[in-house]
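Q: Okay, structure incoming, though there's no sequence with it:
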C-alpha cells in the first residue's frame, strides 16, 4: 500500500469518526436563525428539566412527560437530517413543519388535559387525529435520531396490535381497532407516555446533564490523565488506563460510543505506540467502554428504569449490580496484562521510582476503590451529622462543600494545569502521579453531593441529581475566575464571561445528548403499550417454552440472543425496555416451573448485560466502528476481538441467574460476603486466563479445560455440592400451618403448587409465599391472601384475596399445595472451592516450572 493510499484511508476514517462524534447530538450544523434555534431550544429544555426536578416544582408527571417528548421530537427533526444527502447547513421547510407538528401533538395532552380527562376511553376525532400525527412523527424522529431498527421494532408491534387474528395461533389475539390503538398508545399513560419516558424526564435527563457539565468543566480529561499517570508505567499501561478511565467516564457518559470517543482518542494511539496492534487497541477500548455502561451509579440510565420496573430502591439496584461490574473490570485489566505479556511489552517511562506490588494492585483498582472509599467516607464520615443537626445538616454540609471546593481548587492551582497528549509524539514520559491527582480533586465534590443525597438524605434519584447538577453548575461558573485569581493570570473578572458561556454550552450539549434517549424511551413505550393492550406477555411464556422445549438454559440462551440482536440497532435504554418487558416475566415463570426461583432483579440485569454487549457485536457494533475509526483498523475484526474480550461479561449473567450470591442476595454473614467476593474475582481471573490461552505461560489444551472447570466451580460451587447433598427436602403439605407459625418474621414459604391457569392448562410451579409478621399459622397464610381447605395432607386453595401476594404469584381458586420445600441442613457449598484451588495450584506449579525452563539459556 502506498503512502497516498494510507492517507486516503486515514481521511475516510476521520470522516467516519466525525460522524460518530455527531451521532449522539445531531449531525446538522446550520447557520443564521436555525443555528440560534438549535442553541436556544436545548438551553430552554435543560432549564425546564432543572425546574421540574427541583423541590419547588409541583408539576405532575402527566404534564412533564408530554413536554419532555415535545422538546425531543422538535429537536430531532431540526438536528437530524432525513437522509445522508439531505441539507446539513440549513433546515428545510418540511423539517420545520414536522418539528412543530410533532411538538404540538405531544403538547396536545397538556393543553387539552381537562377535556381528555372528561372523556376517558371515548376520544373524539380531533383526539385521534393528533394521536395519529404524533405516532407517525415519533416513528420518523426515532428513525432519524437512532436509525431504522427501533422504528421497525415499533412498527412490528403496532402491526401485531392491529392484525392479531392473522398471526400464528401460538401468538394470535383478537386484534384492536385503530381508535383503540391510538387511544391506548398516545392518550393514556400505558404506551408512549408510560413509565419509560417518565423515567427519562424525571431521572435520566438530569444525570446526562450532570455528565455534560462535568465534561465541560474538564473532569473527563482529568479522569483520563489520572488513570494514565497511575497505570501507564505497567505492562500494557495505556490499555489498563483505558479500562480505568472508561470506568470513571461512566459517571459522565450515558453511551458506549461516547465512552469510546472520549477516552479512545487519547488511549488508543497510546496503546498502539507501546506495541498493541490497532485491532486489539480498539478492542480493549470497546470492551472497557461497554463495561462502563454496567458500572454503577449511572449504568446507561437503566438503573433508574430498574427502580420502576423491579420495584426496589435505587440503592438496592446499585448493591446488586456492583459485584458483577467489579469482577468484570478486574478481569478486563487482567486480560490486558496477559496480552501485554504475550507481546513482551514494557511500561512507559515515569519520572518517579517504581511502585511496590501492593501499590500496583491498588492503582489497578483506582476507579472502584476511589468511588467506594468516597461513598463510605460520605456515608460514615458525614452521615452522623444528620442526626444532631436535623434540618440544618444540609446547609452545613453545603457550606463545608463550598469551603472544600475553594481549598481544593486553590491547592490544585499550585500545580501545572493538565495538558492533552499529542498522538503524533513518538516519545512519551508519564505525568507525575501526585501532581496529576492533586490538580483536580475538586471534581469529586459533585459526586460527594450525589452520594450524600442518595445514601444519607435518601432522596429520589431525580432530586439527588438536581442538587449534584446545581453544585456542578456552581463549579462551572466559578472555576475559571477562581483559577485566574489563584494563578494570578490577569484579571479574574475576564473569566466570568467564559464561565457563563461554558455553562450555556454544557446545558445545550446535555440537552442535545438527550434527543436520542427521549425519542427512544417514547418509541420503546409503544412496545410496552402493545404488551398491556394485547396480553402478548402471557403468550410469550408459552412461545418461549415451546421453542426451548421447556429447558431453562436454552430459554436463557434464546433470551440472550434476542437481546443481542435487538441491541445491535437499539440504544441501551430502549433495548432494555423492550426485552425486559417481553422476556423478564418469561424467565421468572419458566424458572418457577422448574423449581428455580429467579429474583426479578437478576432477570433484568441478565437482559441489560446482553443488550449492552451488542455495542461490540458484529456486524453492527457501533462502538467497534467508533474504535476502529480511531485505531485505523478493520471494524469487523475490532468487533470480533472486542467480543472475545467480553466473553467474560457474557458468562456473568448466566452465573448470577443460578448463583444469586453474586448479586449480593442471601448473604448471611461477613465471612460469607468475603467468600463470595473472593470466589467471584478468582473465578473471573481464571476464566480470563483460560479464554486467552495464557496464564503464567502459554496454556496447554488440558490446562485450559482445567482452568474453565475451576472457574465454573468457583462461580457455582453449589452445582457440584447439590449432587452430593440435595439442597432441599420436601415436607408434606399438611404441615403448612405449623411451618407458617414457626417461621420467623418476614420469612417465605417455598410451596410446590399445581392448578389450572387462565388458559385451562394444568400448571405446576414453585412459589415463594411471603408471611410477614409472626403470628398464628393460618392467620399468617390469610394475611398473604391464601385461604385453604386442609384435610390431612390434601391442601386445596379455597379462595385467594384480590391484590394479595398469593394472587400476584399466580395462585388461584382450586389450586392444590403439593408440598413445602425447605432448605436441607448440609455443609456449606463453599467447601467445593478447596479442591478447585488445589487443582489451580497444581497447574500454576507446572506452568511456573515450564516458564523457568524456557527462560534458561541454552547450551552453546
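A: Perfect, I can see it now. Just so we're clear, the structure is a prediction, and the values are computed from it rather than from any experiment. Numbering: from 1, shown residues only.

Q: Please point out which parts of the helix or strand containing residue 475 sit buried.
A: In this structure, residue 475 sits in helix 461-487 according to DSSP states H and E. Within helix 461-487, the residues that qualify as buried by neighbour count (16 or more other CB atoms under 10 Å) are 461-486. Every residue, glycine included, has its C-beta placed from N, CA and C.

Q: same thing with stretch 46-65?
A: By neighbour count, with 16+ other CB under 10 Å as the criterion, the buried positions of stretch 46-65 are 46, 48, 49, 50, 52, 53, 64, 65.

Q: chain center to that stretch, what's the gap?
A: Offset of stretch 46-65 from its chain centre (CA atoms, centre = their mean, to the nearest Å): 25 Å.

Q: before we move on, what about stretch 725-736?
A: Averaging C-alpha coordinates over stretch 725-736 and over its chain gives two centres that are 39 Å apart (CA atoms, centre = their mean).

Q: Endpoints of that stretch, how far apart?
A: 24 Å (CA to CA, to the nearest Å).

Q: Give me the residues contacting that stretch.
A: Counting contacts by CB atoms under 8 Å, 6 or more residues apart in numbering, the residues outside stretch 725-736 that touch it are 718, 721, 739, 749-752, 777, 781, 788, 790, 792-795, 816-824, 826-827.

Q: burial measure for residue 242, as a count.
A: Here the neighbour count serves as a burial measure; for residue 242 (other CB atoms under 10 Å) it reads 35.

Q: Per-residue confidence, residue 375, what does it come out as?
A: Per-residue confidence for residue 375 comes out at a pLDDT of 62.

Q: Model confidence score at residue 713, please.
A: Model confidence at residue 713, given as pLDDT, is 93.

Q: That one touches residue 833, doesn't it?
A: Yes. With the criterion set as CB atoms under 8 Å, residue 713 and residue 833 qualify as a contacting pair; they are 7.0 Å apart.

Q: Which of the two has more residues huddled nearby?
A: Under the neighbour definition other CB under 10 Å, residue 713 and residue 833 were set side by side, and residue 713 has more, 23 against 20.

Q: C-terminal to whichever strand or helix holds that one, what's the next element?
A: In the assignment (DSSP H and E), residue 713 maps to helix 701-715. Tracing the chain past helix 701-715, the next element assigned as helix or strand by DSSP H and E is helix 717-724.

Q: secondary structure class for residue 797?
A: Per DSSP: H, G, I helix; E, B strand; the rest coil, the secondary structure class of residue 797 is strand.

Q: Likewise for residue 59?
A: Taking three-state DSSP as the rule, one finds residue 59 in the coil state.

Q: list the contacts for it?
A: By CB under 8 Å, 6+ apart, the residues touching residue 59 are residue 52.

Q: 10 Å - rerun?
A: Taking CB atoms under 10 Å, 6 or more residues apart in numbering as the contact definition, residue 59 lies against 48, 51, 52, 67, 110.

Q: Local confidence estimate at the nearest residue to the third one once chain neighbours are set aside?
A: By the measure of CB to CB, 6 or more residues apart in numbering, the closest residue to residue 52 outside its immediate chain neighbours is residue 64, 5.2 Å from it. According to the model's per-residue confidence, residue 64 sits at a pLDDT of 95.

Q: was I right about residue 64 contacting residue 110?
A: Yes. In this structure, residue 64 is within contact of residue 110 by CB atoms under 10 Å, at 9.1 Å.

Q: ok, which stretches of the stretch 1-150 of the chain are helices?
A: 3-23, 33-53, 61-79, 93-111, 113-118, 125-146, 148-162 (DSSP state H, counting those that start in this stretch).

Q: Just list what the next helix-or-strand element following the last one packs against, helices and strands only.
A: Under the assignment DSSP H and E, the closest C-terminal helix or strand after helix 148-162 is helix 178-186. If contacts are counted by 3 or more CB pairs under 10 Å, 6 or more residues apart in numbering; DSSP states H and E, helix 178-186 sits against helix 93-111, helix 125-146, helix 148-162, helix 515-534.

Q: would JSON lines of those helices with mean pLDDT be doable?
A: Below are the helices and strands packed on helix 178-186 laid out as JSON lines (pLDDT from 0 to 100):
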{"stretch": "helix 93-111", "mean pLDDT": "96"}
{"stretch": "helix 125-146", "mean pLDDT": "94"}
{"stretch": "helix 148-162", "mean pLDDT": "90"}
{"stretch": "helix 515-534", "mean pLDDT": "88"}
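
Q: How is residue 811 assigned, secondary-structure-wise?
A: Strictly by three-state DSSP, residue 811 counts as coil.

Q: What does it show for phi and psi?
A: With angles defined as degrees, to the nearest 10, residue 811 shows backbone torsions of phi -80, psi 140.

Q: Looks like it contacts residue 769 (just checking).
A: Yes. If you go by CB under 10 Å, residue 811 and residue 769 touch, sitting 8.2 Å apart.

Q: Test of understanding: give the bridge partners of residue 754.
A: According to DSSP bridges, the residues that bridge with residue 754 are residue 764, residue 816.

Q: From residue 739, how far off is it?
A: In this structure, residue 754 and residue 739 are 19 Å apart, going by CB to CB, to the nearest Å.

Q: So these two - more neighbours on which side?
A: When neighbours are counted by other CB under 10 Å, residue 754 and residue 739 differ, and residue 739 comes out ahead with 16 against 12.

Q: What mean pLDDT does the helix or strand harbouring that one get?
A: Taking DSSP H and E as the criterion, the element that holds residue 739 is helix 736-742. Averaging the model's pLDDT scores along helix 736-742 yields 89.

Q: Ok, stretch 754-772 next?
A: On average, stretch 754-772 scores 83.

Q: Ok, stretch 812-829 next?
A: Mean per-residue pLDDT for stretch 812-829: 87.

Q: Can you give me the buried ones in it?
A: Under the neighbour-count criterion of 16+ other CB under 10 Å, stretch 812-829 has 812, 815, 816, 817, 818, 819, 820, 821, 829 buried.

Q: Could you do stretch 129-146 as well?
A: Buried residues in stretch 129-146, counting neighbours by 16+ other CB under 10 Å, are found at 130-131, 133-135, 137-146.

Q: helices or strands next to the helix or strand hosting residue 768 in the packing?
A: Element membership of residue 768, judged by DSSP H and E, is strand 762-770. Contacts defined by 3+ CB pairs under 10 Å, 6+ apart place strand 762-770 against helix 572-593, strand 748-756, helix 777-783, helix 805-808, strand 816-823.
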